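>>> coords please:
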Amino acid sequence: MTPVSHALLPVFLGQRWIPHHNRIPDVRSVAIVAVCGMLPDLASPHLTLDDRHTAFSHTAWAALLFGAVVAALAIRFPKRIPPSFASLCFGAYSGHLACDAITGGIPLFYPSSTAIVGRNYLPYWLWITCDGALVLYLYFVYRWLPLRRKIHLPRSPGIPPAP
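Numbering: from 1, shown residues only. Got it, this is the predicted structure:
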């Protein structure tokens, strides 16, 4: 799948557990979940399927390591990282692996085993369709709904309001 799908799919599926302000999802939390969803590709960028099949970041070991780090942070900072949000971040990473498993396969237990789990079950045109649908959804949630509710997201200082 594309990085757009890896970033936006966990945001879409995890809306319930993302903190909200004025019934609008918190932008910082959405960004964190999106980065967690893209993290396996950010940790070991790859251009070919063979590169993915030898990437440590696409293994169960990397997912367990990431889960341990997130759990440790949630225990250390329980008010800033509630357990539901920590679980969502781990789910975003794991969801990336699941998506890659159905779009070409992943080396689940590499380097212990070179067996590839999964294969390409989704046609490539569906990847782009999924990207478009997710982008439209986020536009709806972050731009259209706030305008309809007359709620404006906070602006950065120094940026004048739109006319």
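>>> Quick check: which ranges of the protein have low pLDDT?
146, 149-163 (pLDDT under 70).
>>> where do the strands sit along it?
Counting by DSSP state E, one finds strands in the chain at the ranges 20-21, 24-25.
>>> and those, which is most packed in?
strand 24-25 (a mean of 17; mean count of other C-beta atoms under 10 Å). Where C-beta positions appear, they are placed from N, C-alpha and C, glycine not excepted.
>>> What number of residues are in the vicinity of the residue nearest to Ala62 when sequence neighbours are not counted?
In space, and not counting its chain neighbours, Ala62 is closest to Phe56: 5.6 Å by C-beta to C-beta, 6 or more residues apart in numbering. As a burial measure, Phe56 scores 14 neighbours (other C-beta atoms under 10 Å).
>>> and Phe56, what does it touch?
43-44, 62, 110-111 (C-beta atoms under 8 Å, 6 or more residues apart in numbering).
>>> ok, now how distant is it from Leu108?
According to C-beta to C-beta, to the nearest Å, Phe56 and Leu108 sit 12 Å apart.
>>> for the longest helix anywhere in the chain, packing partners?
In the chain, with assignment by DSSP state H, the single longest helix is helix 83-101. On a contact count with 3 or more C-beta pairs under 8 Å, 6 or more residues apart in numbering; DSSP states H and E, helix 83-101 meets helix 3-13, helix 27-43, helix 60-76.
>>> Got phi/psi on the nearest residue to Tyr110 once chain neighbours are set aside?
Once flanking residues are discounted, Tyr110 sits nearest to Thr59: 5.1 Å by C-beta to C-beta, 6+ apart. Per-residue torsions, Thr59: phi -120, psi 170 (degrees, to the nearest 10).
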